[in-house]
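Colleague: pasting the sequence and the predicted model now:
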Amino acid sequence: MNSIIDIVSRESNISKNQVKATIELLEKGATIPFISRYRKELTGQLDEIQIGLINELNQKYIELKKRKEYIIKTIDEQGQLTEALKLQINNTQDPNTLEDLYLPYKKKKLTRATIAKNKGLEPLATFIFKSQFDNYKPKAQAAINKDKDVNNLEDALHGASDIIAEWVSEHPSTRETLRKLFEKSATINSKVVKSKKEQAEKYRDYFEWNEPMNKIPSHRLLALRRGEKEGFLRLNICPEEDEAILKIFNIHLKNPKNDFLKNSFIDSYKRLLKPSLETESRYNSKTKADIEAIEVFADNIKELLLAAPLGQKTILALDPGFRTGCKVVVLDKQGKLLYNSAIYPNEPQKRVREAEIEIAELISKYKIEAIAIGNGTASRETEAFVKKLKPDCPVIMVNESGASIYSASEVARNEFPDHDVTVRGSVSIGRRLADPLAELVKIEPKSIGVGQYQHDVDQSLLKKKLTTVVESCVNKVGVELNTASKELLTYVSGIGDTIAQNIVNHRKENGPFKNRKDLLEVPRMGAKAYEQAAGFLRIKGAKNPLDSSSVHPERYQLVKTITKDLNINLKELIGNSEKLDNIKLNSYIDDKIGLPTLKDIIKELKKPGRDPRSEFEFFEFTTGIESIEDLHTDMVLPGIVTNVTKFGAFVDIGVHQDGLVHISQLSNNFVSDPSQVVKVNQKVQVKILEVDTIRKRISLSMKTIEAPIIKKTKIPEPSKDNDFNEKLSKLKGKWN
């Protein structure tokens, strides 16, 4: 019997030593971000994806081992365990095969076969099945027993047939053969429920649908299943019936003239094997589709979380609206709410003069460095209104997806107990411009609105995957210890919900953390949690510059030794590329510290605390294109990718309705996976192929357009003169 390490190594294609070291670290409570960043020597520099795969496979085979132990114990208690069967169970690594081996011994509900066995018909079934002769009628006649409700020859043969059918359906080799047939040749068929045809318009393409199961894309399978769940479609998954039955004959039928056995085998397939294997096929295909959809979702979330931050700026944020007006907030450089109100520059109130003066006064009074506008209802109209004021700072459209979820959440209520949802939503828009990661972690990832069929996939699997992605992004960027919210701290390696709250409480009671060692004073922050978390937490302006870097405290002494050898102090060494490049790293290698760690430390000392995210790029939609009615065929427009799916990408071109670039229109070359061509938040240019104003559908193409399209433009610095104050004075005078 192979060990779990052997199996995981083989399946992951990672060496046994690396697998063993990784599993040992995980079992000791180390997190995946910590292992990949600070234990490179032990794992042979495995990355987060490889470590995650090892962890997943290890858990899978631990559960499989537990299942084997249970099955062996259960069969043994029945007195039916043989050494050969035990060896067979222990050697299988496939969960389906394991369950096939267990099936004949599994406790069942009352079946037709068990009823027949209770009537004493098992010896007859055994005789017919093993002998395969046609002279079974005398034996069946002898089995008649009116006391057990076997009243005639027909009753006896019917019961024997039921027993044989169940034997065949539980035969491991038969199940495995047919399982492979389902995997290779099954097709999925869908038909509309006739009584609901008129209400099922959105599933029109699937009213009569037929497709091989091994070729159906994940998004189509999930769409079909949703149609079935909603009661509009009926699905059937199976291979050719004759082929399946022939395979059973090839395994079990020795006498081709025995029609009784043929009929028993046909019954076994139609009544027992086909429904069972169809259920299994449904489960396996759904699981596969879920995994694909979740991977798409995870990739999109990652791009959103790691989007370029504008940084610490004083921001004026607007949540646009028509009837209810635009909610306005001012946030300081740390995201603190300084001011809030409402203006009505759009229909139906259209109090433009008041709105212009208020916005102009806010820009002047608070020295606004950027203006954020949510991209929802009335966004382009509000953007046009603000730009007419010609502010000395950029006006930036912000994806507000999920802001309403945050504004009504307990997190938002705790942050702003004295403000309503409209103010909280505007704050979220402004903060996600400054730092998307810090703000988006406050929203349940599946509510952010990217991906495909996120409500149809396995929710526990989705949550687990998205939590892993968020943790990876948070720890990759690092967290400012003295300003991070509880929600952001929760995702830091080794911390979790309780310690995160304790850190926030400690800040309130004792003031800012002065160094990383202060963390040990936080309740529940033991040595292990500190080891896992410390390297990912930053303290800006700390006395020890290393406390604001990703250098782990366990390596501070090493850095001290290096500075001593160079006869230079730490502050002189940091950022000194010439000195750092000339350090002879090999002289510092020992049994605990290797070259990978040393290289990481040198890289960090060159630019301590450097944000790994890209630099913010300024983007603008085409002026004058504000609604779907403004579009026409062949128009070329700039846009931002808002969602990537397996069938294409959705692009916001500034008209309140995202357009779809189908996978066939993403490139002049063949594209098998849209994520290889585009990413969420990517700036692109698209050509309008078709506009359906009634159904609000926009078809786009990127085929003839070279990428990257949008020029990288840095955010302009706000004007330092009094130009805008002069504009404000003129504005007031104009309306007085």
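Modeller: That came in fine, so what should we check first?
Colleague: point to the residue nearest the middle of the chain.
Modeller: Per C-alpha atoms, centre = their mean, the C-alpha nearest to the average position across the chain is that of residue 298, at 3.0 Å.
Colleague: mind checking the SS state of the nearest residue to residue 446 once chain neighbours are set aside?
Modeller: Residue nearest to residue 446 in three dimensions, not counting chain neighbours: residue 454, with 5.1 Å by C-beta to C-beta, 6 or more residues apart in numbering. All C-beta spots, glycine's among them, are computed from the backbone N, C-alpha and C. Three states are possible here, and by DSSP: H, G, I helix; E, B strand; the rest coil the one that applies to residue 454 is coil.
Colleague: what's the spacing between the residue nearest to the centre of the chain and residue 135?
Modeller: For residue 298, the distance to residue 135 under the criterion C-beta to C-beta, to the nearest Å works out to 64 Å.
Colleague: got it, and residue 247?
Modeller: Here the criterion is C-beta to C-beta. By it, residue 247 lies 27 Å from residue 135.
Colleague: between these two, which is the more surrounded one?
Modeller: Taking neighbours as other C-beta atoms under 10 Å, residue 247 and residue 135 compare with residue 247 leading, 17 against 7.
Colleague: which positions within the host helix or strand of the more buried one qualify as buried?
Modeller: Residue 247 belongs to helix 241-252 when elements are defined using DSSP states H and E. Of all the residues in helix 241-252, those buried under the rule 16 or more other C-beta atoms under 10 Å are 244, 245, 247, 248, 252.
Colleague: just the strands in the stretch 51-200 of the chain please.
Modeller: 187-192 (DSSP state E, counting those that start in this stretch).
Colleague: how about stretch 89-99, which residues are buried there?
Modeller: Of the residues in stretch 89-99, those with enough neighbours to count as buried (16+ other C-beta under 10 Å) are 89, 92, 93, 97, 98, 99.
Colleague: nearest to residue 58 among those residues?
Modeller: For the buried residues of stretch 89-99, the closest approach to residue 58 (C-beta to C-beta) belongs to residue 93, at 13.3 Å.
Colleague: quick one: contacts of stretch 578-594?
Modeller: Contact partners of stretch 578-594, identified using C-beta atoms under 8 Å, 6 or more residues apart in numbering, comprise 40-41, 555, 558, 561-562, 566, 568, 573, 595, 598-599, 602, 605-606.
Colleague: where do the strands of the stretch 251-400 of the chain begin and end?
Modeller: Under the criterion DSSP E, counting those that start in this stretch, strands of the stretch 251-400 of the chain are mapped to 315-319, 326-331, 337-343, 370-374, 395-398.
Colleague: repeat for the stretch 601-736 of the chain
Modeller: Remark: strands assigned in the stretch 601-736 of the chain by DSSP E, counting those that start in this stretch are 636-645, 648-652, 659-662, 683-692, 697-701.
Colleague: elements contacting the last one?
Modeller: Packed against strand 697-701 by the contact rule (3 or more C-beta pairs under 8 Å, 6 or more residues apart in numbering; DSSP states H and E) you find strand 659-662, strand 683-692.
Colleague: go through that strand and flag the buried ones.
Modeller: By neighbour count with 16+ other C-beta under 10 Å, strand 697-701 contains the buried residues 698, 699, 700, 701.
Colleague: beyond the helix or strand residue 6 falls within, next helix or strand please.
Modeller: When secondary structure is defined using DSSP H and E, the element that contains residue 6 is helix 4-12. Following the chain from helix 4-12 toward its C-terminal end, the next helix or strand by DSSP H and E is helix 16-27.
Colleague: which residues of the stretch 601-736 of the chain fall in helices?
Modeller: Residue ranges of the helices in the stretch 601-736 of the chain, as given by DSSP state H, counting those that start in this stretch, are 723-735.
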